[in-house]
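Visitor: My questions are about this predicted structure, shown below with the sequence.
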Amino acid sequence: MARYKVMHETSYSYSIPVLMSQHQCHLLPRPCDRQNWISHEMQISPQPVHSEERTDLFGNTVLSFCLETEHRDFSVIANGIVEVGNQQPTDCPTTCAQAVLRLKQPTCDDDWEASFHAYASERVNIDSAITDYASQSLSPDRPLAEAAQELMTRIFNDFTYAPATTTINTMPTELLRERHGVCQDFAHFYCACLRSHGLASRYVSGYLLTHSPEGQPKLIGVDATHAWNSVYLPDFGWLELDPTNGIVVGDGHIVVAWGRDFSDVSPLKGVITGGGPHTVKVGVHVEPDLS
Amino acid sequence: MVLKFDAYSTDGFYDELFLPNGKPRPVAQPLVTLINELEDGELLNRQKAAEASFMDNGITFAVYGNEAGADKIIPFDIIPRFIEANDWNRLEKGLKQRTHALNLFLNDIYGDRKCIRDKIVPESMVETCNAYLPQMQGFVPPRGVWAHITGTDLVRDTDGTFYVLEDNMRCPSGVSYVLQNRQVLKRTFPRVFSQCSIRPVDEYCSQLRHALEYMAPDAVKNPKAVVLTPGTYNSAYYEHSFLSQQMGLELVCGNDLVVRDKHVYMRTTRGLVTVDVIYRRIDDGFLDPLEFRSDSAIGVPGLMEAYKAGNVALCNAPGSGVADDKAIYAYVPQIIKYFLNEDQIIPNVPTFICENPKHRQHVLSNLNKMVVKAVSESGGYGMLVGPQASEAECEEFRKKIEEKPRNYIAQPMISLSRVPTISGDQFAGRHVDLRPYIIQGKDIFVLPGGLTRVALREGSVVVNSSQGGGGKDTWVIAANDKAPEQGQARHWVQQQQQQQ
């Protein structure tokens, strides 16, 4: 188990005052097999009038709050200490065809829950080009764990990480034509590939360690929120893969939330009255906790 | 100019007023007799008077994408459509059955999903349905009711059998025209009206208000209900204003409402007033920019939080559209059997689901004989009428179906029944459908009759008002034990005597 200090700051500066605003965020950590949160706190400025925590359909913690004080600056800081472990090694022999069958004819609650992530969603569209691209890896008789990792490596090799070339609304079908994008696009595309074959893949949102341990390369996505995927292997669980970096997820990936796509886990969104043109700053810092 | 029925022919279609041998059906006899006795030109005068009264009262409908003035009156034809008491009794039973079963289906889909586990409906049909809202999973709406207001489209085939053509569970519009058509026809044919013992429709607004108030949170003694409209540019704005006025409820836009601490308030000149029930005429996606489409400027931020906390009721419940998806429609007979253990009273039109490879094959090789519909469209958009389509149109749909089979269904062409309709200086048979309105509150109430929509172009079967269809009044004949509509106010009776 590795232990980290996590700081995630989002701040907005508005050109004219905001009179009132309502926000929803997925910044609070979620529990999962390979990680425990030791402590966590949120600092919101200005002070919210009402705030409320609930659990969404995917088991993520959602915080909603309302600001009724006139303000030009708004910031949310999430601070926490977390313990993160590695994934279980997979020797899952299930083939792609067997996994598809299990999602079509579920035999346990895990299958039912997973089948929810086996269809196109708001930001994950599918066309025949994507199905063809994925076919090269996902042949029916091949073990899914192996095929899923090969697909990840292909995406890492075929696509270029290029910040500011895509927007928040870029869809997988566009990414396949353009061949460059950011982690959100890679993760959406990965979901589209699996789902085009009737397999289940989640969109996972979280953080990476800011400075890699000595001797290891610096990863992409360290100074902001990151996104990767997990693939459902029946009777095994979910295998987490990071197509942006082309690696199997290890103890440097900290999970915040997961869903079908970005819309389900958007870190911070809101509706404001007033505001005008504004600037946003997002900073994420993760370092080993030595205390 | 002579408008008489002497030359009228049913042309082999089922006619709602005439028998195949050319004689009027017994229920229509008084009307046919009157029209045949009218002086030349008198019927046309009444038709014009009826149209003028719609215009004068501002009973309009906006057609999107039409440049020549947004608001139009819906074309109205004064010849009513009759439904006999026995037919109606069966339809009413069938509609109640269907509404009840679909409500149980929605509770199940957003709950335990037993009907998926028992293989009644495939999971993929639900997950890939545009109207399915995962946000609602696990939620039970107030009193367990999803679709408070339903409009079910019925058609009648050549042999007189009624079929359900489609369900509409996301804020169906049109009921205001039913109520207004009736007001106008009472003035158009006052004497015939009193001879025919016709079931009244004016109960609708009080029934709706009761149903809405029944949905209020438990502790509320005098619930406050409002009608939420997208605004004056919406095609059905007239209806929103009419219904709110008839029910005595405030008509509000999104920015008239505000959410604080998970309660909904209405801004008024006397400060904030708590709102308990919202009859919303805004699509799901626009209700709350925080939860759904972030570009919605007509919604209320935070509304869904308030709704999920049980502090306000939304009618219809968000996510109800799953039950009116045109592909789910094909499973309704099984849904009724599964949830109610009953056979369907009003049959479905046989439906081919393009997602199913065998069905798709059949549809693609018989495109010119079928009606193809996009599953999540309404208002007659995204539709192919095979027998009347050009080769290019068929080709276009072939491509669309092959690209996204889940988005399409196909049905055999039904020869819709006809009603005589004034066309220039003669009567011509025009195809009609029927949209009855069903309110689900404490009980299920079916408004006797509904909106008869008529395709005004010769031979056309597309009746949607957004495609230039018109309206007719629907006269449901009272069985002996049901009270007929009361005669008109006295001065109308006197006027009628002077006219005839």
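Guide: Yep, it's here. Residues are numbered from 1 along each chain as shown, chains lettered A, B, ... in the order given.

Visitor: Next, see if the host helix or strand of residue B:106 gets close to chain A.
Guide: For residue B:106, the host element (DSSP states H and E) is helix B:85-109. No - Helix B:85-109 lies apart from chain A when judged by Cβ under 8 Å from any Cβ of the partner chain; the minimum separation is 12.6 Å. Glycine gets a C-beta too; all of them are placed from N, C-alpha and C.

Visitor: Determine the set of other helices and strands touching that helix.
Guide: helix B:114-117, strand B:149-156, strand B:162-168, helix B:332-340, strand B:437-440, strand B:444-446 (3 or more Cβ pairs under 8 Å, 6 or more residues apart in numbering or on different chains; DSSP states H and E).

Visitor: now it against helix B:332-340, angle please.
Guide: Put simply, helix B:85-109 runs at 70 degrees to helix B:332-340, going by axes from the mean of the first three to the mean of the last three Cα atoms, to 10 degrees.

Visitor: in helix B:85-109, what counts as buried?
Guide: By neighbour count on 16 or more other Cβ atoms under 10 Å in any protein chain shown, the buried set for helix B:85-109 is B:85, B:88, B:91-92, B:94-109.

Visitor: ditto for stretch B:237-257
Guide: B:237-244, B:246-247, B:249-252, B:254, B:256-257.

Visitor: do stretch A:196-216 as well
Guide: Those would be A:196-210, for stretch A:196-216 by 16+ other Cβ under 10 Å.

Visitor: Show me the two of the residues you listed that sit farthest apart.
Guide: Farthest-apart pair in the buried residues of stretch A:196-216 is A:198 and A:210; separation 37.8 Å (Cβ to Cβ).

Visitor: Spatially nearest residue to the residue nearest the centre of chain B, not counting backbone neighbours?
Guide: Chain B has residue B:151 as the residue nearest its centroid, 3.6 Å off, counting by Cα atoms, centre = their mean. Nearest non-adjacent residue to residue B:151, counting by Cβ to Cβ, 6 or more residues apart in numbering or on different chains: residue B:172, 3.1 Å away.

Visitor: State the phi and psi torsions of that neighbour.
Guide: Backbone geometry at residue B:172, expressed as degrees, to the nearest 10, gives phi -60, psi 140.

Visitor: How many residues are close by it?
Guide: 22 (other Cβ atoms under 10 Å in any protein chain shown).

Visitor: I'd assumed residue B:437 was in contact with it.
Guide: Yes - between residue B:172 and residue B:437 a contact is recorded at 7.2 Å, counting by Cβ atoms under 8 Å.

Visitor: Tell me where the longest strand sits in chain B.
Guide: Counting residues, the longest strand found in chain B (DSSP state E) is strand B:426-435.

Visitor: Nearest to residue B:6, out of the helices and strands packed on helix B:85-109?
Guide: When the helices and strands packed on helix B:85-109 are compared by Cβ to Cβ, strand B:149-156 sits nearest residue B:6, at 25.1 Å.

Visitor: pull the CA atoms of the closest one into CSV?
Guide: What follows is strand B:149-156, C-alpha atoms only, in CSV (Å, rounded to 0.1, in the frame of the first residue of the first chain):
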residue,chain,number,x,y,z
ILE,B,149,-51.1,12.3,-18.4
THR,B,150,-51.0,9.9,-21.4
GLY,B,151,-52.2,10.4,-24.9
THR,B,152,-52.6,7.1,-26.7
ASP,B,153,-52.9,7.2,-30.5
LEU,B,154,-55.6,4.8,-31.9
VAL,B,155,-56.4,3.9,-35.5
ARG,B,156,-59.1,1.9,-37.1
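
Visitor: how about the helices of the chain, start to end?
Guide: As the question left the chain open, I've gone with chain A. Secondary structure of chain A (DSSP state H): helices located at A:96-104, A:109-115, A:128-135, A:144-158, A:172-178, A:183-196, A:262-265.

Visitor: you looked at the wrong chain, it should be chain B
Guide: With helices called from DSSP H, chain B shows them at B:29-37, B:42-56, B:85-109, B:114-117, B:123-127, B:175-188, B:190-195, B:204-214, B:237-247, B:303-308, B:332-340, B:357-365, B:391-403, B:490-499.

Visitor: and these as CSV, adding distance to residue A:10?
Guide: Shown next, in CSV, are those (distance: least, Cβ to Cβ, whole Å):
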stretch, distance to residue A:10
helix B:29-37, 70
helix B:42-56, 55
helix B:85-109, 36
helix B:114-117, 39
helix B:123-127, 32
helix B:175-188, 47
helix B:190-195, 67
helix B:204-214, 41
helix B:237-247, 39
helix B:303-308, 21
helix B:332-340, 46
helix B:357-365, 48
helix B:391-403, 40
helix B:490-499, 68
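
Visitor: and those helices, which is most packed in?
Guide: helix B:303-308 (a mean of 24; mean count of other Cβ atoms under 10 Å in any protein chain shown).

Visitor: Burial check on the closest residue to residue B:287 other than its chain neighbours, number of neighbours?
Guide: Leaving aside its sequence neighbours, residue B:287 sits nearest to residue B:299 (Cβ to Cβ, 6+ apart; 5.0 Å). By other Cβ under 10 Å, 29 other residues sit near residue B:299.

Visitor: now do residue A:108
Guide: Neighbour tally, residue A:108, other Cβ under 10 Å: 11.

Visitor: and it, how far is that from residue A:237?
Guide: 12 Å (Cβ to Cβ, to the nearest Å).
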